[in-house]
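Undergrad: My questions are about this predicted structure, shown below with the sequence.
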Amino acid sequence: MKPVIVVGFVGVTLGLIAEFQPDDSLIYVEEPDVVRKRHVREQIEGVGFARGLIEWEYLTPGKADEFFHTHRDLDPAAIIPAIEYATPFAARLAERYGLPGATLGAAQIMRDKALLRQVTASAGIRNPASVRVTSPADVLAFMQDRPIVLKPSNRQASVGTQVIRYPDDIEQAWAHCTAQDEGIFVPDRPMELSMLAEEFVEGEEFSVETLVQNGKPLWANVTGKQLVPGPRPVELAHVVPADIPPELDDLLKQDTALVIDATGFRDGIVHCEWIVAGGVPHLVECAGRLAGDGILDVVQLAYPVELLRCYYAVLKGEDPPSDLPARAKSGAAVRFLTIEPGVVESVEGVDEARRLDGVHLLQVTVAPGERFDGLRSSWDRAGIVMATGDTSAEALRRAENAANTVHIEVR
């Protein structure tokens, strides 16, 4: 049996993959430092579909070609990028093995937000004004008495991203945004610092998840988003499907198709984020991989659709093995738990919240005695709730009700 190679380990998808991948059929590729820090070998031990784990520094240029020459005999069925940082390596590896994939060119454009703006703007897609910056002085020169966003061009999970409204805040924001520690999720060696200053666009936020084959959208969903109030634009909730007029739903899907065409993306899934201001979608960023933050789970619940299985099929060069319904049959939502900085003293109400109507999942990721230094990125949230309902609005209400039932005391 030809193995599927998955680049980047995502533990929460183990159960979903087990539903369709046969035993001894999948090989993980992960950075050695991440394998050690996240205990990846221990997590896949006893997992039926896992054939093995190859430790490889895939964030380093040239490593996909080196992997191909070292492991030509693997003859894989598919190359799956599971996380943001794995997308260029996976795209190049797919090219070398002659398999479907994003293409290296598209993956590199999507991994660099400045390049993505350059390419998509030339194709007529609305982008916020943006410039590369290397110092607080560059940020000040761009600001011109207007609110802006300072963020990395090459990071994930809102790491190092902040809204700046006043010139006096630039120095401190620069210090905070350039301290980009993702802990156990990245290798110990440093990553290149690449920063952008961008026009702040105020409006409703959405993401579009699109399954793509041979450069053409097969299926798409629009997710509504809520952000935590304040200067750090960390996502607080996701709602599937977005509760918006059909005209806006269609427009967001059409504009995402334009991004796919502009970048030359061929096969896989794109997760494209938008801000709608004055009825016009403005591109925030676009990733050539599955959405994180529980969006995959709630998409599969709301439609329902076996999206992960279809994603694997497309990257194997096969037709999707199940129906791809155009409209969701119900609603589903993710709501994150957030807390104030301090030391966690107690966590109560978890069991009660899990018994509430529509609650599909509830996890708290902090424990008494832990110190919390503040919400800086998506990695800093205190837990997650997933809920379902007959409509998107009902699902969100149920998720919020469960989140409010959990009481985390912080000193």
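TA: Okay, I see it. These figures come from a predicted structure and were not determined experimentally.

Undergrad: Now the helix ranked longest in the chain: buried residues?
TA: Counting residues, the longest helix found in the chain (DSSP state H) is helix 246-263. Buried residues in helix 246-263, counted by 16 or more other C-beta atoms under 10 Å: 248-249, 251-253, 255-260, 262-263. Where C-beta positions appear, they are placed from N, C-alpha and C, glycine not excepted.

Undergrad: Columns pLDDT and distance to residue 5 on top of those residues, output as CSV?
TA: Below are the buried residues of helix 246-263 laid out as CSV (pLDDT from 0 to 100; distance: C-beta to C-beta, whole Å):
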residue, pLDDT, distance to residue 5
248, 98, 38
249, 98, 35
251, 98, 36
252, 98, 32
253, 98, 30
255, 98, 32
256, 98, 27
257, 98, 28
258, 98, 31
259, 98, 26
260, 98, 24
262, 98, 28
263, 98, 23
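
Undergrad: Residue 189: which of those residues is nearest?
TA: residue 263 (28.2 Å; C-beta to C-beta).

Undergrad: ok, that closest one - contacts?
TA: Neighbour list for residue 263: 105-106, 109-110, 116, 119-120, 286 [criterion: C-beta atoms under 8 Å, 6 or more residues apart in numbering].

Undergrad: buried subset of those?
TA: For the contacts of residue 263, buried by 16+ other C-beta under 10 Å: 105-106, 109-110, 116, 119-120, 286.

Undergrad: Pull the CA coordinates from the longest helix of the chain and hand them back as CSV.
TA: Output of helix 246-263 as CSV, limited to C-alpha atoms (Å, rounded to 0.1, in the frame of the first residue of the first chain):
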residue,chain,number,x,y,z
PRO,A,246,-26.8,35.1,-0.1
GLU,A,247,-25.4,37.9,-2.2
LEU,A,248,-22.5,38.4,0.2
ASP,A,249,-22.0,34.7,0.6
ASP,A,250,-21.6,34.4,-3.2
LEU,A,251,-19.4,37.4,-3.4
LEU,A,252,-16.9,36.1,-0.8
LYS,A,253,-16.8,32.7,-2.6
GLN,A,254,-16.2,34.4,-5.9
ASP,A,255,-13.4,36.6,-4.6
THR,A,256,-11.7,33.5,-3.1
ALA,A,257,-11.9,31.9,-6.5
LEU,A,258,-10.1,34.9,-7.8
VAL,A,259,-7.3,34.5,-5.2
ILE,A,260,-7.0,30.8,-6.2
ASP,A,261,-6.6,31.8,-9.9
ALA,A,262,-4.3,34.8,-9.1
THR,A,263,-1.8,32.6,-7.1
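
Undergrad: Neighbouring strands of the helix or strand following it in the sheet, and parallel or not?
TA: The helix or strand immediately downstream of helix 246-263 is strand 268-277, counting by DSSP states H and E. Strand 268-277 sits in its sheet next to strand 204-213 (antiparallel), strand 280-287 (antiparallel), going by DSSP bridges.

Undergrad: Double-check that residue 142 belongs to a helix.
TA: Yes: secondary structure of residue 142 (DSSP: H, G, I helix; E, B strand; the rest coil): part of a helix.

Undergrad: That one: how many residues sit nearby?
TA: For residue 142, the neighbour count with other C-beta atoms under 10 Å is 20.

Undergrad: Sort out which of the buried ones among the contacts of residue 263 are in strands and list them.
TA: residue 286 (DSSP state E).
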